[in-house]
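Visitor: got a structure for you, letters missing:
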C-alpha cells in the first residue's frame, strides 16, 4: 500500500487561549519534536499526519489535517471562518494556568456557534509535566467535560510527549465511530471529512471545454442556422 | 499593542486585508486593528443579528428567518471576475486554500421592459433576442477586431488608433446600433455610465477581453463567488497576514492617529496605549479629515423566498439595467445569490440592488430594480458616501484606501491595492507563489 494513501481526510482545529501551547502540541504530534523556540505561531497554516485506527479488516488509515490559529487568538481575533468545515476540535488549556481554564467556556461557545453542528470536541490540558505548578485539577477538567458534553479530557505534555497521541486518537476514533453509525456523512464536504481519493479544498480550476470566443465569433454560423430554421418552418 | 511596527493597518476591509497579507509576506511587521468585533468592515458578510444591529438598531430579528449562523449577508454586491486580478492574487498567495468558490449561474441585461440573458455559449447566442440578424454580423466583426488586435501587427488595427480614436468612433466604424453599443459597453465592458464613449478605445477593448476570458473559463457567466459570502475574502487574507506574523486586534477602538511635529504619522492611539509605526494604512472611516466624497451609493439588500423572476430559476445571477433603458446616467445592478452559496437557509434568496445616487430621493432610484424582484420578505437599504483620499500618503505616511465602489467586480479594488503598495514600497507588486502545503 502507498505510504501516502488514506481512507479519510479529516480536518481538525486547535482552539484555546494564547500561550497554552497549541503549536507545541501540534509539533509533538506531527513531527514528534519539542521546540521551545516557538514564541508565538508564525508560518504554519496546518500540518498533516496519517494514522491508523481500528484492527484487522476494520483498520482505517486517516489523514489528519490539523489547523493552527496563526496567533489570531492573542487578542481574541480568530476569524469566524477558522472553524468552518472542521470535523474535530482540540480545546487546549494550560494546567498551570487557571485563567486559561476559565476562558474555555467562551471558546467552546465560539466553536459550537461557528463549526458544523457535528463537530467532535476533546479537551487537552497542556504542560502536565510541570506538576508542581499545577493550578487546574484533573477532577475540575472532568467536571467541565461532563457539564459541557465534551467526549473526553486528556492531560498532555508536549515536552515529554505524554498523552499527546491518545488525545488526537480519541478525536479521530469518535469521528470514525460517528461516520460508521451514520451520524456524520462523509459525502457532505462541509462537515470536514473527505474520502481519500478526493483532495481537500480545491481552488477553482478552469475547465477548458468551452471557448466563449469561438462561440460568440461563430455568429455567422448561427445566422445561417437561424435562416435554415426559418425557411424550414415557413 | 505598545510596540513598534513597520505598518499599522486600520480596518479589516478587503483592500486593507490584501495589503496586510502582502506586506506580511514581504517580511514587514504588521499590526492590524478594527473597531468592529468582526472582520470585513464594509466588505463583511453579516449574520442576522449583526444585520439588524446595523440597519435596525434596537429591533429584534424575526425568529421566522431561522438560525443566525445560517445567514452571511454581504453588504456590497460584487462578484469576482473568473480571470480577474483578485482571482490572480488569491491563487498566487494560496488564499484559495481557505475559501471555496462557486460559479455565478447567469448574467442578464434589461432591455425594453424585460430582462434577457447575456449569451454564455453558442446556443444561447442563437436564441438571444438582444440583437437582430444583421446586427449580430456587425457585432461579430467588431468582436473579431477586439480579439485579433495585436500591438506588434498594424494590419490588425483595421485603421483604428486605439489610443486616439474614441470608442464612439469605433462603434460608428463598425456600424453598431445604440442598443448594441449599450450591450457591449455596459453588459460586457461593465461601464456604469456613458463617459467611456468619448475616451480612447483601448480601455474598452481590455475590459471586453477580460469579460470574454473570464466567461471562457467556465461558460455561463464571467463571475465566481466565495461560499459563505464575500466576507470570506478579507478573513482569508487576514489569516495569510497572521501566518506571516501579522498581529490582529478586533473590537479595538482607534482614538487618534499620532503625528510627529513634521506632520508625518508616527503611530496610533487607542485608550492609553500607543502603537508606533513607520507607515499607516486605513479605510476612509479612520481618516475623516483626509478624504473627500466623490458621490453617493444607494444599496438595498433584499431577502426573497423565491428565485428572481424570469431568470430561469437560476441560483445566482447578475442583472444589469443599463442607464439608457431607464433614463438615468448610471446603471442599476442587481446581484442575486442563494442557499447554494451557503449565505442563507434553504428556500431563501438574497438580492442586492445598487446604483449611484443621482437625485434627492435615492430610494426611488432603485425602484426599477425592485420591480424585477417580485415579492420581498425583508429589505434593508442605505445610502453611503463614496470617499477617496485627498493626498497620496507619501508626505504624511497615511495610505488611505478608496471606498468600495459601484462596480460589480473587484478590478478597481485590486488597482487600488497595487497603487497603494507601489506608493508605500516604491516598487511594483510582484506576486510570488507561496510554498505549497506539503513543504510546510
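Guide: Looks like it arrived, so ask away. Computed from a predicted model, the values in this text were never measured in an experiment.
Visitor: number of nearby residues for the closest residue to chain A within the stretch 51-200 of chain B?
Guide: Closest approach between the stretch 51-200 of chain B and chain A, counting by Cβ to the nearest Cβ: residue B:96, at 3.3 Å. Any C-beta I mention is one placed from the backbone N, CA and C, and that applies to glycine too. Counted with other Cβ atoms under 10 Å in any protein chain shown, residues neighbouring residue B:96 total 18.
Visitor: Hmm, residue B:89 and it touching each other?
Guide: No - counting by Cβ atoms under 8 Å, residue B:89 is not a contact partner of residue B:96; they are 10.1 Å apart.
Visitor: What ranges does chain A have for its strands?
Guide: Secondary structure of chain A by DSSP state E: the strands cover A:8-15, A:46-53, A:60-67, A:88-94, A:120-126, A:152-155, A:193-195.
Visitor: Format those strands as TSV; extra columns: mean neighbour count.
Guide: As requested, the strands of chain A are exported to TSV (neighbours: other Cβ atoms under 10 Å in any protein chain shown):
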stretch	mean neighbour count
strand A:8-15	24
strand A:46-53	16
strand A:60-67	21
strand A:88-94	26
strand A:120-126	27
strand A:152-155	20
strand A:193-195	20
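Visitor: quick one: which of those strands has the weakest pLDDT on average?
Guide: Mean pLDDT is lowest for strand A:193-195 among the strands of chain A, at a mean of 81.
Visitor: That one near chain B anywhere?
Guide: No - judged by Cβ under 8 Å from any Cβ of the partner chain, strand A:193-195 stays clear of chain B, getting no closer than 12.3 Å.
Visitor: related to what we said a few turns ago, Throw the strands of chain A into TSV and include distance to residue B:375, thanks.
Guide: What follows is the strands of chain A, written out as TSV (distance: least, Cβ to Cβ, whole Å):
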stretch	distance to residue B:375
strand A:8-15	40
strand A:46-53	45
strand A:60-67	42
strand A:88-94	41
strand A:120-126	42
strand A:152-155	50
strand A:193-195	39
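Visitor: quick one, what contacts the residue nearest the centre of chain A?
Guide: Ranked by distance to the mean C-alpha position of chain A (Cα atoms, centre = their mean), the top residue is residue A:12 at 2.0 Å. Neighbouring residues of residue A:12 by Cβ atoms under 8 Å, 6 or more residues apart in numbering or on different chains: A:64-67, A:86-90, A:168, A:171, A:192.
Visitor: And chain A, is stretch B:343-355 touching that?
Guide: No - Stretch B:343-355 is not in contact with chain A by Cβ under 8 Å from any Cβ; minimum separation 13.0 Å.
Visitor: Just the terminal-to-terminal distance for that stretch.
Guide: Terminal residues of stretch B:343-355 lie 23 Å apart, using Cα to Cα, to the nearest Å.
Visitor: What's the mean pLDDT across it?
Guide: The average pLDDT for stretch B:343-355 rounds to 97.
Visitor: One more: stretch A:165-185?
Guide: In this model, stretch A:165-185 carries a mean pLDDT of 91.
Visitor: Repeat that for stretch B:33-52.
Guide: Taken as a whole, stretch B:33-52 carries a mean pLDDT of 95.
Visitor: following the helix-or-strand element of chain B with minimal mean pLDDT, which helix or strand shows up next?
Guide: When the helices and strands of chain B are compared on mean pLDDT, DSSP states H and E, helix B:122-127 comes out lowest with a mean of 69. Using DSSP states H and E, the helix or strand that follows helix B:122-127 in sequence is helix B:133-148.
Visitor: how about low-confidence regions in the chain?
Guide: Looking at chain A here, since you left the chain open. Along chain A, segments meeting pLDDT under 70 span A:1-2, A:36-43, A:197-234.
Visitor: oops, I was thinking of chain B
Guide: In chain B, residues with pLDDT under 70: B:121-123, B:126, B:436-440.
Visitor: Counting neighbours, what do you get for residue 109?
Guide: This is for chain A. Using other Cβ under 10 Å, residue A:109 is surrounded by 11 other residues.
Visitor: My question was about chain B, not that one.
Guide: If you count neighbours by other Cβ under 10 Å, residue B:109 ends up with 22.
Visitor: Could you find the closest non-adjacent residue to it?
Guide: Of all residues not flanking residue B:109 in the chain, residue B:187 sits nearest, at 4.6 Å (Cβ to Cβ, 6 or more residues apart in numbering or on different chains).
Visitor: does the one you found count as helix, strand or coil?
Guide: At residue B:187 the chain is in helix, as set by DSSP: H, G, I helix; E, B strand; the rest coil.
Visitor: which residues touch it?
Guide: By Cβ under 8 Å, 6+ apart, residue B:187 lies in contact with B:107, B:109, B:118, B:320, B:322.
Visitor: Check which strands are paired with the host helix or strand of the second one and give the direction for each one.
Guide: What that stands for is residue B:109. If you go by DSSP H and E, residue B:109 is part of strand B:106-111. Here strand B:106-111 is paired, per DSSP bridges, with strand B:114-117 (antiparallel), strand B:317-321 (parallel).
Visitor: ok, and the closest non-adjacent residue to residue B:248?
Guide: Spatial nearest neighbour of residue B:248, excluding adjacent residues (Cβ to Cβ, 6+ apart): residue A:77 at 4.0 Å.
Visitor: So what's the residue count around the one you found?
Guide: Using other Cβ under 10 Å, residue A:77 has 24 other residues around it.
Visitor: Would you mind measuring from it to residue B:241?
Guide: Computed as Cβ to Cβ, to the nearest Å, the residue A:77 to residue B:241 distance reads 11 Å.
Visitor: So the residue of the stretch 51-200 of chain B closest to chain A lies in a helix, does it not?
Guide: Yes - assessed by three-state DSSP, residue B:96 belongs to a helix.
Visitor: Spell out which parts of the stretch 201-350 of chain B neighbour chain A.
Guide: Checking the stretch 201-350 of chain B against chain A by Cβ under 8 Å from any Cβ, the hits are B:212, B:215-219, B:224, B:228, B:231-232, B:235-236, B:238-239, B:242-245, B:247-252, B:342.
Visitor: Looking at these, which are in strands?
Guide: Among these, the members falling in strands (DSSP E) are B:224, B:247-249.
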